[in-house]
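> give me a 3D structure for the following:
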Amino acid sequence: MWIVENLNPDGYATRRRQNGGGVDLNRNFPLRWHAADRLGDVHYAGPRALSEPESRFAARLIERLRPQLTIWFHQPLGVVDDSGGWRAPARRYSRLVGIPLVRLPRYAGSAATWQDHLYPNTSLVVELPPGRLTRTRAARYGDAVLDLLGPT
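This is a model prediction of the structure:
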């Protein structure tokens, strides 16, 4: 199991969706990438696919590891995405953590859609509820990840 604790440290530090260059990293991956919005807009996709060091890092890691399952934690919708990828783990994770399973749109340039294109049925998107993540919720979400991994 690999854990990338924070793929967007600049955004985290400034409480913004965009990285330090003003790019929405989840619109910066190659599959169906297009020049969406402009610098300063919330979903600015960057000047080209994988233009950002964070998205290049994630892409290289995924290509190197060829993961069986990646869980992409986002915020703030409070749902497990049932829009693609491997649906059985999505349903199970939703049930284990008690947040609804909802079909979300497939966005151009998204990391999970790109990963599922390269390695089908390997990505799961969890949209955490808004607000600060409590220890209790973090433990519940972590326990559910371990449950998906199965016996060790």
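> per the record, what domains does the protein have?
Split into domains by automatic domain parsing, the chain comes to 8-65, 67-152.
> quick check, distance from the longest one to the centre of its chain.
For domain 67-152, the distance from its own C-alpha centre to the chain's C-alpha centre is 8 Å (Cα atoms, centre = their mean, to the nearest Å).
> low-confidence regions, the protein specifically.
For the chain, residues meeting the criterion pLDDT under 70 lie at 85, 152.
> would you state the strands of it in chain order?
Along the chain, the segments classed as strands by DSSP state E run 70-74, 79-81, 101-102, 123-127.
> any chance of those strands in TSV, with distance to residue 108 and mean neighbour count too?
Backbone N, C-alpha and C define where each C-beta goes, glycine included. Listed next are the strands of the chain as TSV, based on distance: least, Cβ to Cβ, whole Å; neighbours: other Cβ atoms under 10 Å:
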stretch	distance to residue 108	mean neighbour count
strand 70-74	16	19
strand 79-81	16	23
strand 101-102	20	15
strand 123-127	15	24
